[in-house]
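K.L.:
no sequence for this one, just the structure:
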């Protein structure tokens with residue numbers, strides 16, 4: 001180091017200085033990424049979903065969902081399709097990702113789901129945002 005940078009003639013910076021600087025940089029980066037992530041997903045959702053037509057399509061069911069984006073930004077929703085007569089979240093739930101939905105818009109789409117079996121029965125849906 002030069003004399004201006006090291007007026008006391010220390011051989012190297014103290015370990016606490018080096019570690020403190022690195023810790024401060026990591027904390028600042030985490031805060032920056034958290035704010036950036038929040039801004040990126042602001043206004044997406046909430047989503048409202050409904051089950052439309054359910055048709056047997058072996059080895060599963062062809063399920064038609066109608067999803068509405070109630071937010072102010074376009075985004076996709078993850079919808080859990082399940083049999084409401086079976087309690088809890090278990091292997092009899094299917095997770096379906098919707099196409100991108102413009103803000104305030106409603107779309108309908110179909111997806112084949114094998115995990116629910118091929119017997120047509122009443123199904124329910126819960127849709128969430130990012």
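P.N.:
Yep, it's here. All figures in this text were calculated on a predicted structure; none of them were measured in a lab. Numbering: from 1, shown residues only.
K.L.:
Point out where this protein drops to low pLDDT.
P.N.:
Applying pLDDT under 70 to the chain flags residues 1, 13.
K.L.:
hey, where'd the strands end up in it?
P.N.:
Per DSSP state E, the chain carries strands over the ranges 47-57, 60-69, 78-82, 93-97, 106-113, 124-128.
K.L.:
Now distance to residue 7 and mean neighbour count too, for these, in TSV please.
P.N.:
No exception for glycine: its C-beta is placed from N, CA and C like everyone else's. TSV is the format used below for the strands of the chain (distance: least, C-beta to C-beta, whole Å; neighbours: other C-beta atoms under 10 Å):
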stretch	distance to residue 7	mean neighbour count
strand 47-57	62	15
strand 60-69	61	20
strand 78-82	59	20
strand 93-97	61	15
strand 106-113	68	15
strand 124-128	58	17
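K.L.:
Please produce CSV containing those strands, extended by distance to residue 24.
P.N.:
Formatted as CSV, these follow (distance: least, C-beta to C-beta, whole Å):
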stretch, distance to residue 24
strand 47-57, 39
strand 60-69, 40
strand 78-82, 36
strand 93-97, 38
strand 106-113, 46
strand 124-128, 35
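K.L.:
With respect to residue 39, which of the ones you listed lies nearest?
P.N.:
With C-beta to C-beta as the criterion, residue 39 lies closest to strand 60-69 of the strands of the chain, at 18.2 Å.
K.L.:
which non-adjacent residue is nearest residue 75?
P.N.:
Computed as C-beta to C-beta, 6 or more residues apart in numbering, the closest residue to residue 75 that is not its neighbour in sequence is residue 44, at 3.4 Å.
K.L.:
measure that neighbour to residue 113 for me?
P.N.:
Applying C-beta to C-beta, to the nearest Å, the value for residue 44 to residue 113 is 24 Å.
K.L.:
do the same with residue 41
P.N.:
Distance from residue 41 to residue 113, by C-beta to C-beta: 27 Å.
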